[in-house]
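In: got a sequence here, can you model it:
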Amino acid sequence: MKIFVIGPAGCGKSSFVKSFSEYLGEGGEDVRCVNLDPATDPVFKADKDVRSFVKTDEIMKKYGLGINGGLLKSMDEVLFYVKDLDVSGDYVIYDTPGQMEIFIYSSSGRRIIEKLSDKTTAGLFLMDSTLVTDSESFLSAVMQNVIVSLRLSIPTATVLTKNDVADVDVEKVMEEIPSKNSVLAELLEKTSYFIEYTTLSQRVVKVSSFDETGFDDVYSLLNEMFCACGDLS
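Out: Residues are numbered from 1 along each chain as shown. You can find the predicted model right below:
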């Protein structure tokens, strides 16, 4: 299975990749990690590192670009080395660039995902728990995941990170919707059904890379996404 870890800057993608890959390895799985962020050295043991081929800081100097232009140009350059970043394993985890928008909205980013994907490819959309403590922000995160899935054409699931810092009560957050003003409540109610497309059995997975908790749920969720026999939870 190939797993693309996606999310906004600061949500804990790299820490998740490190901790979750260690969890899988301790469970006897053949796991590989790949760094797809040309701007940052990985904090985990990378079996393949895009920075061996493309470094954003060097691209910026070479073409006289700022950080955003450098990242976009880096994605274009990475396309030439996609075959070198394709590895095999029971689980191959790809850590994607911190600037999520530049990655998923660029044509090169989409093509990188397409070239690396196979029939058992999934995305995990990570969101910082401290930023989704109310219904508006929680549903905004869910909608972002829907957009990611549409842009990259892979099934994705929402994972709330940093559960050790903030434990989001999803049921309570959803119960708050009717108490909003009439226009906002109507909007929230109409978008809330997207939850079922980004979670399984109305279950939102919460993890803490610091405490190393929630990984059993992530493991089950990933297998459910490709299990013909239904929910295993």
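In: tell me which helix or strand comes right after the lengthiest strand in the chain.
Out: Longest strand in the chain by number of residues (criterion: DSSP state E): strand 121-128. Per DSSP states H and E, strand 121-128 leads on to helix 135-152 as the next helix or strand towards the C-terminus.
In: what's that next one packed up against?
Out: strand 2-6, helix 100-105, helix 107-116, strand 121-128, strand 156-161, helix 170-175, helix 182-191, helix 195-198 (3 or more Cβ pairs under 8 Å, 6 or more residues apart in numbering; DSSP states H and E). Yep, even glycine has a C-beta here, placed from its N, CA and C like the rest.
In: buried residues in it?
Out: By 16 or more other Cβ atoms under 10 Å, the buried positions in helix 135-152 come out as 135, 138-139, 141-142, 144-146, 148-149, 151-152.
In: what do you get for stretch 90-101?
Out: 91-100.
In: just flag the most distant two among the residues you listed.
Out: Using Cβ to Cβ, those span at most 25.0 Å, a distance reached by 91 and 99.
In: quick check: end-to-end length of stretch 42-51?
Out: 9 Å (Cα to Cα, to the nearest Å).
In: give the contact list for residue 32.
Out: 47-48, 87-89, 91-93 (Cβ atoms under 8 Å, 6 or more residues apart in numbering).
In: can I get the residues you listed in CSV with secondary structure?
Out: As requested, the contacts of residue 32 are exported to CSV (DSSP: H, G, I helix; E, B strand; the rest coil):
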residue, secondary structure
47, coil
48, strand
87, coil
88, coil
89, coil
91, strand
92, strand
93, strand
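In: now these in a markdown table, with distance to residue 74 and pLDDT?
Out: Output for these, formatted as a markdown table (distance: Cβ to Cβ, whole Å; pLDDT from 0 to 100):
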| residue | distance to residue 74 | pLDDT |
| --- | --- | --- |
| 47 | 20 | 97 |
| 48 | 16 | 97 |
| 87 | 20 | 95 |
| 88 | 25 | 93 |
| 89 | 25 | 94 |
| 91 | 26 | 96 |
| 92 | 21 | 98 |
| 93 | 20 | 98 |
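In: pick the one among those closest to residue 131.
Out: Taking the contacts of residue 32 together and measuring to residue 131 by Cβ to Cβ, the closest member is residue 93, at 23.1 Å.
In: what's the helix or strand harbouring residue 21 in contact with?
Out: Using DSSP H and E, residue 21 maps to helix 13-26. The contact list for helix 13-26 (Cβ under 8 Å, 6+ apart) reads 5-7, 31, 33, 37, 40, 42-45, 90-91, 93, 95-96, 98, 124, 126, 159, 161, 207, 209-210, 212, 215, 218-219.
In: returning to that earlier point: which strands or helices does the longest strand of the chain pack on?
Out: Against strand 121-128 (3+ Cβ pairs under 8 Å, 6+ apart) you get strand 2-6, helix 13-26, helix 135-152, strand 156-161, helix 215-224.
In: I'm done for today, thanks for sticking with me.
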